[in-house]
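>>> Return a 3D structure for these sequence lines:
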Amino acid sequence: MRDSQALDASRPRIGPPPRLAALLTGLALAGLVGLTAGCGPDGSDGTPTSAPSASLPSSLASALPTGLPTGLPTALPSALATSLPGVGRIDGATGADALKGTNVPADFPIPPGAKVKVGASIGSASTVTLTGVTPASTADFYRSALPSAGYKITSDAPAGATAHAIAFTGHGVTGGIGSGGFGQTNGTVIVFSKQ
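Now for the predicted structure:
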């Protein structure tokens, strides 16, 4: 028996290995069964041959509707306002209008080079977001600008190398300035709360 096994091992095998051959045969049979499953005894698909055929229209409408509006609104609002039950009035604004929030004091200092992005006011709290200024330059700016504008700095804390937080009070509000950055992306959030 060993001689026949040695002889079989020395011959090159032609075709796929036995397990693969069995698998391929099984897949082929399953496909054949699937293809013929809907056939009638005469090999047809089981549908009567005298069934009426549906006819398609010989021409289709080719004209497009006319009279549709062609202009789009060009003046989109920069501020939105709404009121929610139990919350009160919610104002939202973009750009410079964000500094006009309900609780944002007039003439609140903004760092040079900063871009005002979005603002929101809900009840006695308002938030303004800025971009374009690093956390370090934002902190340096507010350390001198807040006292000069009549605000008192109540805390000044770096939060690692890429973030900074300053709390302040004055002009009827308490607030906080949080700035952070990663790579070329820098952002600042200023929160105001009526006292």
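
>>> Excluding chain neighbours, what is closest to Lys117?
For Lys117, ignoring the flanking residues on the chain, the nearest one in space by C-beta to C-beta, 6 or more residues apart in numbering is Thr129 at 4.7 Å. No exception for glycine: its C-beta is placed from N, CA and C like everyone else's.

>>> I misspoke; the intended subject was Ala145.
For Ala145, the spatially nearest residue (C-beta to C-beta, 6+ apart) is Pro109, at 4.0 Å.

>>> Enumerate every residue touching the one you found.
Phe141, Tyr142, Ala145, Leu146, Ser148, Ala149 (C-beta atoms under 8 Å, 6 or more residues apart in numbering).

>>> Most neighbours out of the residues you listed, which is it?
Tyr142 (24 neighbours; other C-beta atoms under 10 Å).

>>> Am I right that it is in a helix?
Yes - counting by DSSP: H, G, I helix; E, B strand; the rest coil, Tyr142 is found in a helix.

>>> from now on call the first residue 23
Taking 23 as the first residue, the last one we looked at is Tyr164.

>>> roughly how far apart are it and Lys139?
18 Å (C-beta to C-beta, to the nearest Å).

>>> got it, and Val126?
From Val126 to Lys139 the distance is 14 Å (C-beta to C-beta).

>>> do Gly209 as well
Relative to Lys139, Gly209 is positioned 8 Å away (C-beta to C-beta).

>>> Brilliant, that's me finished.
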